[in-house]
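Next one to model:
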Amino acid sequence: MRGRSKRYEKAAGALADKAKTPVPVEEAVKLVKQMVGAAPTKFDQSVEVVLNLGIDPKQADQMIRGSVSLPNGIGKSRKVIAFAEGEAADKAKAAGATEVGGDELIQKVMGGWTDFDVAVAHPALMGRVGRLGRVLGPQGKMPSPKSGTVTADVETAVREYTAGKVEFRNDAGGNVHAVVGKSSFAEDQIRGNVEAFIEHIRRMRPAASKGTFIKKVCIKASMTPAVELALLVVTAT
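Numbers count the residues shown, from 1 in each chain. From the prediction side, this is the model:
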């Protein structure tokens, strides 16, 4: 097993005792920012939230997947392409899409071009875009109605994803990861995004999920240890 970096160890050591027990969101944010300050980097670290959920990831009716626009953004723009034609294509381009098109764009991606973060598609083109599943699926870039990237309102989708709309889906362990900002954000901006994301996930609770839904939540920066949040536990029977 690879050892931790010296920067990670320095950040952990600075607040080792304080970060061992669950703390309120505002205190967790403060601790993460203090750890970043204790071992600064040349880049603006992303702040991430990780939720461990009481779901069975093998059951399709318990999957957690979607997207959400956080109140304070995530501090980075994203390269978005749009599979659209006619008026929808014109609006997508005006909204900030880096590439827009139909068959020609599909062929470009089929040829291996994937220099973008998000792909949005108009429902009318999904019959053709569906062929890209083998290329975009493994990269998590395949347009999907569940994530909000297949929509007749291509213009709004492009604008939101370009501004940093967050996509998420649970992994095989029932965990959901998401970026909720940058370490340079003010504490209240990070806190607002964390609370908004947790509430969004809470509202997505599947009917088939029993017991405690949100089991554990941690936040961390790119190069720091995680800090566990003290949460109100809600269960279902």
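
Report back the residue of the chain that's furthest from centre.
Going by C-alpha atoms, centre = their mean, the residue of the chain most distant from its centre is G86, 30.5 Å out.

how close does it sit to E228?
50 Å (C-beta to C-beta, to the nearest Å). The way it works is simple: take the backbone N, C-alpha and C, and place the C-beta from them, glycine included.

Now the phi/psi pair for the residue farthest from the centre of the chain, please.
Per-residue torsions, G86: phi 60, psi -140 (degrees, to the nearest 10).

Contact partners for it?
By C-beta atoms under 8 Å, 6 or more residues apart in numbering, the contact set of G86 is empty.

From V150, how far out is it?
Using C-beta to C-beta, we find G86 at a distance of 17 Å from V150.

ranges for the helices of the chain?
Counting by DSSP state H, the chain has helices at residues 6-14, 25-38, 86-95, 103-110, 126-129, 133-136, 154-163, 187-203.

and of those helices, who's closest to M63?
M63 lies closest, by C-beta to C-beta, to one member of the helices of the chain: helix 187-203, at 12.4 Å.

which residues touch the closest one?
With contacts defined as C-beta under 8 Å, 6+ apart, helix 187-203 is touched by 25-26, 29-30, 32-33, 47, 49, 51, 53, 64, 66, 68, 70-72, 74, 166, 168, 176, 178, 180-181, 185, 213-214, 217, 219, 229, 231, 234.

so how far is stretch 61-79 from its chain's centroid?
In this view, stretch 61-79 has its centroid 5 Å away from the chain centroid, taken as C-alpha atoms, centre = their mean, to the nearest Å.

again, but for stretch 158-172
Worked out by C-alpha atoms, centre = their mean, stretch 158-172 lies 5 Å from the chain centre.

Return the residues in contact with the closest residue to A163 other than its chain neighbours.
Spatial nearest neighbour of A163, excluding adjacent residues (C-beta to C-beta, 6 or more residues apart in numbering): G73 at 6.2 Å. Residues near G73 by C-beta under 8 Å, 6+ apart: 163-164, 181.

can I get the residues you listed in TSV with neighbour count and distance to G112?
Output for the contacts of G73, formatted as TSV (neighbours: other C-beta atoms under 10 Å; distance: C-beta to C-beta, whole Å):
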residue	neighbour count	distance to G112
A163	17	28
G164	18	26
G181	29	33
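
Please produce CSV containing the residues you listed, extended by distance to G111 and pLDDT.
Output for those, formatted as CSV (distance: C-beta to C-beta, whole Å; pLDDT from 0 to 100):
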residue, distance to G111, pLDDT
A163, 29, 83
G164, 28, 81
G181, 35, 94
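
Relative to G96, which of these is nearest.
G96 lies nearest to A163 out of the contacts of G73, by C-beta to C-beta, at 8.3 Å.

Go ahead and confirm S67 touches S147.
Yes: with contact defined as C-beta atoms under 8 Å, S67 counts as touching S147 (5.0 Å).

Please identify every residue contacting each of the two.
Contact with both S67 and S147 is made by residues E167, according to C-beta under 8 Å, 6+ apart.

Show the buried residues in the contacts of helix 187-203.
25, 29-30, 32-33, 47, 49, 51, 53, 64, 66, 68, 70, 72, 74, 166, 168, 176, 178, 180-181, 185, 213-214, 217, 219, 229, 231 (16 or more other C-beta atoms under 10 Å).
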